[in-house]
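K.L.:
All I have is the shape, not the residue letters:
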(Lines give C-alpha, C1' and ligand atoms only; values in the text may rest on other atoms or scores of the structure.)
Protein backbone atom coordinates (compact mmCIF):
# COMPACT_ATOMS: atom_id res chain seq x y z
CA UNK A 1 0.00 0.00 0.00
CA UNK A 2 1.29 3.46 -0.86
CA UNK A 3 2.13 5.90 1.89
CA UNK A 4 0.07 9.03 2.19
CA UNK A 5 1.34 12.34 0.81
CA UNK A 6 0.46 15.95 1.54
CA UNK A 7 -2.02 18.04 -0.41
CA UNK A 8 0.85 19.97 -2.00
CA UNK A 9 2.73 16.79 -2.94
CA UNK A 10 -0.48 15.32 -4.37
CA UNK A 11 -1.27 18.40 -6.46
CA UNK A 12 2.29 18.54 -7.81
CA UNK A 13 2.39 14.81 -8.58
CA UNK A 14 -0.99 15.01 -10.37
CA UNK A 15 0.15 18.07 -12.36
CA UNK A 16 3.23 16.07 -13.43
CA UNK A 17 0.99 13.33 -14.84
CA UNK A 18 1.33 10.85 -12.00
CA UNK A 19 -1.65 8.80 -10.85
CA UNK A 20 -2.97 10.18 -7.53
CA UNK A 21 -5.81 8.91 -5.34
CA UNK A 22 -7.90 10.76 -2.74
CA UNK A 23 -9.91 9.59 0.27
CA UNK A 24 -12.25 11.81 2.34
CA UNK A 25 -10.95 12.08 5.92
CA UNK A 26 -14.31 11.65 7.66
CA UNK A 27 -15.86 9.06 5.31
CA UNK A 28 -15.26 5.38 4.72
CA UNK A 29 -15.78 5.44 0.95
CA UNK A 30 -12.35 4.12 0.01
CA UNK A 31 -9.68 5.55 -2.24
CA UNK A 32 -10.58 7.00 -5.63
CA UNK A 33 -8.47 8.01 -8.61
CA UNK A 34 -8.22 11.74 -9.43
CA UNK A 35 -8.80 12.19 -13.18
CA UNK A 36 -9.06 15.16 -15.55
CA UNK A 37 -12.35 17.01 -15.78
CA UNK A 38 -14.66 15.24 -18.23
CA UNK A 39 -13.15 11.77 -17.78
CA UNK A 40 -15.55 9.33 -16.16
CA UNK A 41 -13.30 6.47 -15.02
CA UNK A 42 -12.25 8.04 -11.73
CA UNK A 43 -14.06 9.17 -8.60
CA UNK A 44 -12.48 12.62 -8.24
CA UNK A 45 -11.42 15.49 -10.48
CA UNK A 46 -8.86 18.23 -9.71
CA UNK A 47 -11.44 20.16 -7.66
CA UNK A 48 -10.59 17.76 -4.84
CA UNK A 49 -7.45 19.83 -4.27
CA UNK A 50 -9.58 22.89 -3.36
CA UNK A 51 -12.75 21.23 -2.01
CA UNK A 52 -13.93 22.22 1.47
CA UNK A 53 -13.99 18.53 2.52
CA UNK A 54 -10.61 17.39 3.84
CA UNK A 55 -9.00 14.56 1.91
CA UNK A 56 -6.04 12.26 2.33
CA UNK A 57 -3.86 11.60 -0.70
CA UNK A 58 -1.50 8.93 -1.99
CA UNK A 59 0.15 7.92 -5.23
CA UNK A 60 -2.08 5.38 -6.95
CA UNK A 61 -0.72 1.94 -7.69
CA UNK A 62 0.13 1.37 -11.33
CA UNK A 63 -2.50 -0.59 -13.23
CA UNK A 64 -1.50 -4.16 -14.05
CA UNK A 65 0.22 -4.57 -17.37
CA UNK A 66 -2.07 -5.88 -20.08
CA UNK A 67 -1.51 -9.52 -20.99
CA UNK A 68 -2.29 -11.18 -24.29
CA UNK A 69 -2.58 -14.71 -25.63
CA UNK A 70 -2.01 -15.73 -29.26
CA UNK A 71 -4.92 -15.52 -31.68
CA UNK A 72 -7.00 -18.60 -32.33
CA UNK A 73 -8.07 -19.38 -35.88
CA UNK A 74 -11.37 -17.46 -35.79
CA UNK A 75 -9.79 -14.39 -34.15
CA UNK A 76 -7.15 -13.53 -36.76
CA UNK A 77 -8.20 -10.28 -38.52
CA UNK A 78 -7.79 -11.37 -42.14
CA UNK A 79 -7.19 -8.29 -44.29
CA UNK A 80 -5.48 -6.33 -41.51
CA UNK A 81 -2.03 -4.82 -41.92
CA UNK A 82 0.76 -6.46 -39.95
CA UNK A 83 4.24 -5.18 -39.21
CA UNK A 84 7.30 -6.41 -37.39
CA UNK A 85 8.17 -4.72 -34.10
CA UNK A 86 11.91 -4.59 -34.86
CA UNK A 87 12.07 -4.34 -38.65
CA UNK A 88 10.74 -1.87 -41.17
CA UNK A 89 8.25 -3.89 -43.20
CA UNK A 90 4.51 -4.26 -43.46
CA UNK A 91 2.29 -6.84 -45.04
CA UNK A 92 -1.36 -7.87 -45.18
CA UNK A 93 -2.84 -10.87 -43.38
CA UNK A 94 -4.15 -12.98 -46.26
CA UNK A 95 -5.55 -15.91 -44.36
CA UNK A 96 -5.20 -18.37 -41.49
CA UNK A 97 -5.17 -22.15 -41.21
CA UNK A 98 -7.12 -24.28 -38.74
CA UNK A 99 -3.97 -24.45 -36.58
CA UNK A 100 -3.74 -20.62 -36.46
CA UNK A 101 -0.83 -20.39 -38.91
CA UNK A 102 -1.05 -16.86 -40.33
CA UNK A 103 -0.47 -16.38 -44.06
CA UNK A 104 0.87 -13.02 -45.25
CA UNK A 105 2.13 -11.87 -48.63
CA UNK A 106 5.50 -13.58 -49.00
CA UNK A 107 5.26 -16.08 -46.14
CA UNK A 108 3.66 -16.77 -42.83
CA UNK A 109 4.15 -17.72 -39.18
CA UNK A 110 2.42 -19.20 -36.14
CA UNK A 111 0.16 -16.95 -34.08
CA UNK A 112 2.38 -17.23 -30.98
CA UNK A 113 5.31 -15.92 -33.05
CA UNK A 114 3.10 -13.07 -34.30
CA UNK A 115 2.20 -12.09 -30.73
CA UNK A 116 5.86 -11.86 -29.69
CA UNK A 117 7.23 -10.16 -32.81
CA UNK A 118 4.49 -8.28 -34.66
CA UNK A 119 1.70 -5.70 -34.35
CA UNK A 120 -1.44 -5.34 -36.45
CA UNK A 121 -3.69 -2.51 -37.61
CA UNK A 122 -7.31 -2.63 -38.72
CA UNK A 123 -7.46 1.12 -39.44
CA UNK A 124 -4.88 1.38 -42.22
CA UNK A 125 -1.90 1.93 -39.94
CA UNK A 126 -3.27 4.66 -37.66
CA UNK A 127 -3.33 2.39 -34.58
CA UNK A 128 -1.06 -0.60 -33.96
CA UNK A 129 -2.16 -3.33 -31.57
CA UNK A 130 -0.65 -6.60 -30.31
CA UNK A 131 -1.30 -9.68 -32.45
CA UNK A 132 -3.37 -11.45 -29.84
CA UNK A 133 -6.35 -11.28 -27.51
CA UNK A 134 -6.20 -9.49 -24.15
CA UNK A 135 -6.70 -11.79 -21.17
CA UNK A 136 -7.81 -10.71 -17.71
CA UNK A 137 -5.55 -12.98 -15.65
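P.N.:
Okay, I see it. Nothing here was measured: the structure is a model prediction, and the numbers come from that model. Numbers count the residues shown, from 1 in each chain.
K.L.:
can you pull the contacts of residue 60?
P.N.:
With CB atoms under 8 Å, 6 or more residues apart in numbering as the criterion, the residues that contact residue 60 are 2, 19, 20, 21, 31, 33. In this view, the C-beta of every residue, glycine as well, is placed from N, C-alpha and C.
K.L.:
so residue 63 sits in a helix?
P.N.:
No: looking at residue 63 with DSSP: H, G, I helix; E, B strand; the rest coil, it is coil, so not inside a helix.
K.L.:
how close does it sit to residue 23?
P.N.:
Computed with CB to CB, to the nearest Å, the distance linking residue 63 and residue 23 is 18 Å.
K.L.:
Give me the more crowded residue out of the two.
P.N.:
The residue with more neighbours, out of residue 63 and residue 23, is residue 23; 18 against 8, by other CB atoms under 10 Å.
K.L.:
Buried members of the contacts of residue 60 into PyMOL, please.
P.N.:
One line in PyMOL is enough to select the buried ones among the contacts of residue 60; burial here means 16 or more other CB atoms under 10 Å:
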select buried, resi 19+20+21+31
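K.L.:
Serialize the contacts of residue 60 to a markdown table and add fields for pLDDT, distance to residue 132 and secondary structure.
P.N.:
Compiled in a markdown table, these are given as follows (pLDDT from 0 to 100; distance: CB to CB, whole Å; DSSP: H, G, I helix; E, B strand; the rest coil):
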| residue | pLDDT | distance to residue 132 | secondary structure |
| --- | --- | --- | --- |
| 2 | 73 | 31 | coil |
| 19 | 91 | 26 | coil |
| 20 | 92 | 32 | strand |
| 21 | 92 | 31 | strand |
| 31 | 89 | 32 | coil |
| 33 | 88 | 27 | strand |
